[in-house]
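[1] Model the structure of this input:
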Amino acid sequence: MNHFLDIHKTDKSALRGIIDDAKAIKTARAGRPKAAPDDELPLKDRMVALIFEKPSTRTRVSFDVGVRQMGGQTMVLSGSDMQLGHGETIADTARVLSRYVDMIMIRTFDEAVLEEMSEHATVPVINGLTDRSHPCQIMADVLTFEEHRGAIADRKVVWCGDGNNVCASFLHAAGQFGFDLTFTGPVQLDPEMEFVGFARNAGRTVTIERDPFKAVEGADLVVADTWVSMHDAQSAKERRHNMLRPYQVNDRLMQAAGKDALFMHCLPAHRGEEVTSEVMDGPQSVIWDEAENRLHAQKAIMRWCLEG
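    Numbers count the residues shown, from 1 in each chain. Prediction:
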């Protein structure tokens with residue numbers, strides 16, 4: 001069975017196959033929200049459970065639309081609907097759901113919930129996000145970069161801000177897809193050394209540079225994410241803003257990166273905080289392609305899971 005749990009837990013050749021399949025899926029649809037022929041409906045007569053302990057816009061809509069476009073149906077369940085791990089164990093929930101549905105996507109807080117779900121489910125499980133990683137997003141980001149600039153191998157990606165779960169998946173992708181990554185942000189928010197070590201052990205250069213203007217020199221891609229989580233207390237938000245303000249992606253920083261550097265953000269963005277509107281809406285930004293490509297990348301991921 002093919003679970004899609006993390007980029008570093010998925011074979012390199014499988015990852016490349018998923019990206020190539022996503023490109024083909026997007027090209028075949030030619031941008032039109034039309035139904036596919038029956039032979040292109042791998043989820044026909046199948047049910048996919050979409051579990052959200054964390055709220056979502058892009059993950060929910062892109063998975064729901066993707067399943068429907070491939071002929072399947074979705075059952076959307078919130079954390080309050082299920083109360084995962086409260087009363088019934090995650091393992092028992094996984095066993096029961098496997099009797100009802102053909103695939104499970106879960107967006108949760110604790111990585112251990114994802115791991116226990118996949119260990120006991122007898123259907124494929126997809127990581128829609130945990131506090132430690134966000135692999136579906138980075139698959140969409142790789143797809144987006146390659147649409148605009150060709151192969152991502154041996155390119156330079158610069159992460160600005162907080163070394164969070166999305167940054168972690170970028171480091172996993174650096175090792176698997178063969179690009180280098182520079183992190184620029186306050187020392188208190190450095191990415192975990194486990195993630196840095198994965199990329200370095202794969203032969204990639206991972207650099208920590210406190211000066212954002214030095215960090216972006218020669219960048220092919222500059223990436224930012226929100227500075228605060230919706231769950232952070234107000235006092236924590238204020239501390240983070242003070243720490244991260246020097247790492248805002250603005251016109252000056254993108255000019256230092258060079259005119260050929262792309263800008264990405266997984267969204268939602270707080271305009272005027274981690275990135276300015278001038279950059280988001282500017283010629284180097286590919287954030288709307290990036291958002292759309294969640295749909296195509298995740299359809300390819302689901303197809304790969306079914307192959308198992």
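
[2] Tell me, how many residues neighbour Trp288?
    Close neighbours of Trp288, defined as other Cβ atoms under 10 Å, add up to 12. (C-beta placed from N, C-alpha, C; glycine too.)

[3] For the host helix or strand of it, name the packing helices and strands.
    In this structure, Trp288 sits in helix 287-307 according to DSSP states H and E. Here helix 287-307 touches helix 12-29, helix 58-69, strand 103-107, strand 125-129, helix 135-149, strand 262-265, going by 3 or more Cβ pairs under 8 Å, 6 or more residues apart in numbering; DSSP states H and E.

[4] How far away from the center of its chain is the fourth one?
    Which is strand 125-129. Averaging C-alpha positions (Cα atoms, centre = their mean, to the nearest Å) puts strand 125-129 10 Å from its chain's average.

[5] relative to helix 58-69, how tilted is that strand?
    If you take axes from the mean of the first three to the mean of the last three Cα atoms, to 10 degrees, strand 125-129 sits at 140 degrees to helix 58-69.

[6] Return the set of buried residues in the helix or strand of the chain with the lowest mean pLDDT.
    Ranked by mean pLDDT, DSSP states H and E, the weakest helix or strand in the chain is helix 79-82, scoring a mean of 78. Going by neighbour count (16 or more other Cβ atoms under 10 Å), the buried part of helix 79-82 is 79, 82.

[7] Then stretch 269-283?
    In terms of neighbour count (16+ other Cβ under 10 Å), stretch 269-283 has its buried residues at 269, 273-276, 279-280.

[8] Helices - which of the residues you listed land there?
    279-280 (DSSP state H).

[9] Pick the one among the buried residues of stretch 269-283 closest to His241.
    Nearest to His241, judged by Cβ to Cβ, of those is Glu273 at 7.1 Å.

[10] Over to the closest one: give its phi and psi.
    Backbone geometry at Glu273, expressed as degrees, to the nearest 10, gives phi -110, psi -90.

[11] I'd say it and Val249 touch.
    No - counting by Cβ atoms under 8 Å, Glu273 sits too far from Val249 to count as a contact (10.1 Å).

[12] Common neighbours of the two, please.
    Common neighbours of Glu273 and Val249, counting by Cβ atoms under 8 Å, 6 or more residues apart in numbering, are absent.

[13] OK, contacts around Met117?
    Contacts of Met117 (Cβ under 8 Å, 6+ apart): 90, 93-94, 104, 106, 125.

[14] Identify the residue spatially nearest to it, adjacent ones excluded.
    Of all residues not flanking Met117 in the chain, Ala94 sits nearest, at 4.8 Å (Cβ to Cβ, 6 or more residues apart in numbering).

[15] No further questions, thank you.
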